[in-house]
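Q: Model the structure of this input:
(2 chains)
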Amino acid sequence: MNRASQTGFILITGSTGFVGHYLVAELLRRGRRCAVLLRPPLVGSLGRLGALLGELGVDAASAMAEERLVGLEGDLAEGTLPGDRWSIDAVVHAAAVTAFEPDAAGEPYRTNVRGTRHLLDWASSRGIADLHLVSSAYSCGRVDRPVAERFNARPDGFHNAYEDSKHQAERCCLDWGRGGPRRVTLHRPSVVVGEWGTGRATKFGGFYLSARAAEFLDRSFPDRLDPRRMNIPLRLKGRPGECQNIVPVDYVAGMIAAIVTEPARHGRVYHLVHPDPPSNARIKSAFEHYFGIAGGRFVPPEDFDAFDLNEYERRFYEISRPIEHYFLDTPTFLRDQTATVEAQTGIGCPAFDLAAIERLLAYAQSAQWGRRRRPPGMTPGCALYFEAFLPAHVGRSQVARMTALSAVMRFIIEDEPDGEWVCRFDGGRLSTVHRGRNGLPEQFGYRTTREVFWEAVSGRVPPQDLFLSGRAEVFGDVERALKMAMILHAFTREFPCTPAVLAGLGRSSCSST
Amino acid sequence: MLVDLIQEAVRIEGPRGPLAGALAYTEDAALAACLLVNPHPHMGGRMSNNLIARLAAELPSAGLIALRFDYAGVGESPGEPIDLYASMARFWATDTAPEDPLMIEDARAAAGWLRSQAGLPVGLVGYSFGAYAAASIADADTIGLAMISPTLTRHDFSTLAACAAPKLVVYSDDDFATPADATQRWAGSLPNLRGAHRLAGGNHFFRGQEDRVADLCRRFFAECAGGSP
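A: Numbers count the residues shown, from 1 in each chain, chains lettered A, B, ... in the order given. Presented below is the predicted three-dimensional model:
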């Protein structure tokens, strides 16, 4: 029996988030069993998580098959949380909304505060005594002194609603911890950016907003030889020696995992911040080098006239305004407890030299700053249908009424690259979509071409007719395959799909990632 | 088929409303009429089915008027839309659908219509579920009953013990609804069995074997009607 089978699960919220999926990957690598709380529909969320983990080299399908990874359907903000099927040893609460300004839906408080309360109530009801909150170093709010690794009960105000909400979440957790023999650990990263070695990221706010503002300047002078590129009249509000505390996501996840998996480290506050963060001057140099621009100069905040901006400055600050204060009011974070863990584990926070910063920029640009990011590993076409459209619609369709419907079926699209999927229905619910030749053994399957596939999912032609006319083949349990074909036909009539429909779905998927 | 085939769309009054049908015949005087009864609609049972369509095209060459039709609410037949998911849910679990008895009554109405319109003795060809439906409506006036892939594992065919009509059974080596050995034994017990043909290399769907099945049926009904095959 291996270690994983001897322990209960660590429940992770926010597992499809930026830090969250790195953390799940790290915990799985460390042999821990992970239960991930995911919004409904579960299969769609699991698909997204599986794809994200796949990008990190973690085989989510195998982990799920071996019950090292399980998905639990729930919604923190709504307070709909899962039952007690799985034994949970600890909770790592990484779900958060990072919006700086409050919105009409009540975010970021709705998720960060109310969701945390729901989670704590649930943990109490389950007798869970070990809670880890992934908070923020900036929950300290406005400070003019070094920030210690402890809870500040009386902050001097906050720069934005996000900081306030994270401070409130910390308070909720600590209050909860005092309600019994419980331990609360606060993990406070600073500004999390992409993986140090590759720049890979899935979220492009914060630090990246200033990079996007620099990209705007680059695009303002499309001719690379235009001499104005090297003499841009841009005043940068801030001091060159101030530092931006950015930390790579892989460092943050590695540290959280090292703390979560060692009980002796619990019950503390950790500042997962950079011990030697890059200065504004170094970041500016990296941006200028990467984009091939120059000319900006720092102006002390007290000398900066915000009412006298030229066109470049106006646009630059429109883009970067949400994070402007981080260039001006950067606290010093004490990190003694964090350094102790680093010394014990050998995990270090790598330096952000110019090359490392440029890797962040290169990745972000290649991902178009997250604007058009498809679900990872997903190509347009049949894959989007199986991995996004089906999971998104089956639960809303009448198929969900067919509680007797349990089957595993394979679809092979012969002329689609890597065009093979296994779908599992349990009680009318699409519980698994697995791409590739391996995975669940099917009871029956269908083999056809892209052209016939699109004809079938358009709802215009019964799949049975495609089989009877020889345009599609079935294999395995033919009777079940033909029955399922009728069910699928009813589904395609309820939710007809075309490549154009998928294109729309792809866009909406992108905006939410 | 070497003779010109006339095809005529017809409308049949069924117990649940009109049924869309298609007659196929030649200009030559017909000896008999034959009703083709479709598989279950949940398994692709419409009059456009590959085997049903081929039978309709081939039987007239033996002096038969062939009638195929769609069950009410299926294919080209109007009718109250069924709760497809509820029906499929039961069909998935039990191999039967709530509409099954109604479809048998559709078939009975179609046979009565054919008899009255053609003024000829009527034979029945049923395929898959249609074999069960045909067996259910066969009576003393039925000149022949051909059952293709009868759904022995799904339905009760015991009424045939009292059915004197000549019978033909066609089945395949590999058929989920009609295990070959069991079908052979069952066919041997039928009264007035004229032939039981096991097609090698086939399955329930007879793709690519439509001509062979049609030929067996054509010969059978020609013999039943007293003509030449």
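Q: how about the residues of chain A near chain B?
A: Within chain A, the positions lying close to chain B (CB under 8 Å from any CB of the partner chain) are A:398-399, A:401-405, A:462, A:464-465, A:467-470, A:477-479, A:482-483, A:486-487, A:490. All C-beta atoms are positioned from the backbone trio N, CA, C, and that covers glycine.
Q: Residue of the stretch 51-200 of chain A closest to chain B, please.
A: Chain B sits closest to residue A:73 of the stretch 51-200 of chain A, with a gap of 22.8 Å, by CB to the nearest CB.
Q: Report pLDDT for the closest residue to that residue other than its chain neighbours.
A: Computed as CB to CB, 6 or more residues apart in numbering or on different chains, the closest residue to residue A:73 that is not its neighbour in sequence is residue A:42, at 4.2 Å. Each residue has a pLDDT score; the one for residue A:42 is 77.
Q: residue contacts, residue A:42?
A: By CB atoms under 8 Å, 6 or more residues apart in numbering or on different chains, the contact list for residue A:42 reads A:71, A:72, A:73, A:431.
Q: For those residues, which two are the farthest from each other?
A: A:72 and A:431 (13.0 Å; CB to CB).
Q: now the closest residue in space to residue B:41 that isn't next to it in sequence: how far from chain A?
A: Sequence neighbours aside, residue B:74 is the residue nearest to residue B:41 in space, at 4.4 Å (criterion: CB to CB, 6+ apart). As judged by CB to the nearest CB, to the nearest Å, residue B:74 and chain A stand 11 Å apart.
Q: The lowest-mean-pLDDT helix or strand in chain B and chain A, are they touching?
A: One helix or strand of chain B scores below all others by mean pLDDT, DSSP states H and E: helix B:84-94, with a mean of 85. Yes: with CB under 8 Å from any CB as the criterion, chain A is reached by helix B:84-94 at B:84, B:85, B:86, B:88, B:89, B:91, B:92, B:93.
Q: Show me what that helix is packed against.
A: Under the contact definition 3 or more CB pairs under 8 Å, 6 or more residues apart in numbering or on different chains; DSSP states H and E, helix B:84-94 sits against helix A:478-494.
Q: Contact partners for the residue of chain B found nearest chain A?
A: For chain B, the residue closest to chain A is residue B:44, as judged by CB to the nearest CB, at 3.6 Å. Residues near residue B:44 by CB under 8 Å, 6+ apart: A:462, A:464, A:465, A:467, A:468, A:482, A:486.
Q: Tell me where the model's unsure across chain A.
A: A:1-6, A:322-323, A:325-329, A:371-380, A:438-439, A:502-513 (pLDDT under 70).
Q: Please give the element, helix or strand, for residue B:211.
A: helix B:210-225 (DSSP states H and E).
Q: Rounded mean pLDDT for that helix, please.
A: Across helix B:210-225, pLDDT averages out at 93.
Q: contact partners of it?
A: Residues contacting helix B:210-225 (CB under 8 Å, 6+ apart): B:31-32, B:34, B:50-51, B:54-55, B:57-59, B:61-64, B:121, B:123, B:125, B:143-144, B:146, B:148, B:166, B:168, B:170, B:194-195, B:197, B:199, B:206, B:228-229.
Q: And stretch A:493-500, by the same measure?
A: Stretch A:493-500 is contacted by residues A:380-381, A:385, A:389, A:393, A:396-398, A:454, A:457-460 when judged by CB under 8 Å, 6+ apart.
Q: By proximity to chain B, which residue of chain A wins?
A: Closest residue of chain A to chain B, CB to the nearest CB: residue A:464 (3.6 Å).
Q: Just give me how far the least confident helix or strand of chain B sits from the chain centre.
A: 23 Å (CA atoms, centre = their mean, to the nearest Å).
Q: Over to stretch A:468-486?
A: Put simply, stretch A:468-486 sits 39 Å off its chain's centre (CA atoms, centre = their mean).
Q: in it, what counts as buried?
A: Residues A:468, A:471-474, A:476-486 are the ones in stretch A:468-486 that count as buried (16 or more other CB atoms under 10 Å in any protein chain shown).
Q: Now flag whichever of those is closest to residue A:279.
A: Nearest to residue A:279 among the buried residues of stretch A:468-486, with distances taken as CB to CB, is residue A:484, at 61.7 Å.
Q: show me what contacts the closest residue to residue B:165 other than its chain neighbours?
A: Distance criterion CB to CB, 6+ apart; nearest residue to residue B:165, sequence neighbours excluded, is residue B:142 at 4.3 Å. Residues in contact with residue B:142 (CB under 8 Å, 6+ apart) are B:122, B:123, B:124, B:163, B:165.
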